[in-house]
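Enquirer: requesting a structural model of the entry that follows:
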Amino acid sequence: MVGALILIVEDNPRDLKLVRDVLQSNGFQTLEVNTAEAGIELAREHGPALVLMDIQLPQMSGREAAKILKADATTQHIPIIALTASAMKGDRESLLAEGFDGYIAKPINIKEFPEIVRSYLG
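Expert: Reported below is the predicted structural model:
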């Protein structure tokens, strides 16, 4: 799905820039925000093809935001992928059990990342 709109919710400016630049250079369109609250608002407004959600965000966590998006009829169909540095044993399973549709560990591998994102787009 080249040209698909991807919403990136990431509070670290360097991580956000890297993810955005890699996605855009591979033909994706992006929306970027640095808080969960803004991510929820943009997901409702734009209906992206995919949400890449950091877990540790200021105020509201990515976990809380994902629960809200999955409970909302207008956004529940959007795949939400945890994009996180939480790479401890069991983190992937825990996040998938909480309703995330996938998991990508940070730091990302810039060569593999676009194909991983495509795989979540179906």
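Enquirer: from here on, just use CA atoms for contacts and neighbour counts.
Expert: Noted.
Enquirer: and Gly102, backbone torsions?
Expert: Dihedral pair for Gly102: phi -170, psi 180, per degrees, to the nearest 10.
Enquirer: bridging residues for it?
Expert: Legend: beta-bridge partners of Gly102 under DSSP bridges are Ile81.
Enquirer: if I read this right, it contacts Ile78, doesn't it?
Expert: No - Gly102 lies out of contact with Ile78 (CA atoms under 8 Å); the separation is 11.7 Å.
Enquirer: from one end of stretch 38-54 to the other, what's the distance?
Expert: Stretch 38-54 has an end-to-end distance of 13 Å (criterion: CA to CA, to the nearest Å).
Enquirer: for this protein, give me the ranges with low pLDDT.
Expert: 1-2, 87-88 (pLDDT under 70).
Enquirer: all strands of it, in order?
Expert: Secondary structure of the chain by DSSP state E: the strands cover 5-9, 29-33, 50-53, 80-84, 102-105.
Enquirer: redo those as a markdown table? Include mean neighbour count.
Expert: What follows is the strands of the chain, written out as a markdown table (neighbours: other CA atoms under 10 Å):
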| stretch | mean neighbour count |
| --- | --- |
| strand 5-9 | 24 |
| strand 29-33 | 18 |
| strand 50-53 | 26 |
| strand 80-84 | 24 |
| strand 102-105 | 19 |
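Enquirer: any chance of those in CSV, plus distance to Ala66?
Expert: Converted to CSV, these look like this (distance: least, CA to CA, whole Å):
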stretch, distance to Ala66
strand 5-9, 11
strand 29-33, 15
strand 50-53, 8
strand 80-84, 7
strand 102-105, 12
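Enquirer: between those, which one is nearest to Arg92?
Expert: Comparing the strands of the chain by their distance to Arg92 (CA to CA), the top pick is strand 102-105, with 6.2 Å.
Enquirer: name the residues that touch that closest one?
Expert: If you take CA atoms under 8 Å, 6 or more residues apart in numbering as the criterion, strand 102-105 is touched by 79-87, 92, 95-96, 120.
Enquirer: 10 Å instead?
Expert: With CA atoms under 10 Å, 6 or more residues apart in numbering as the test, strand 102-105 has contacts from 52-54, 79-87, 91-93, 95-96, 113, 116-117, 120.
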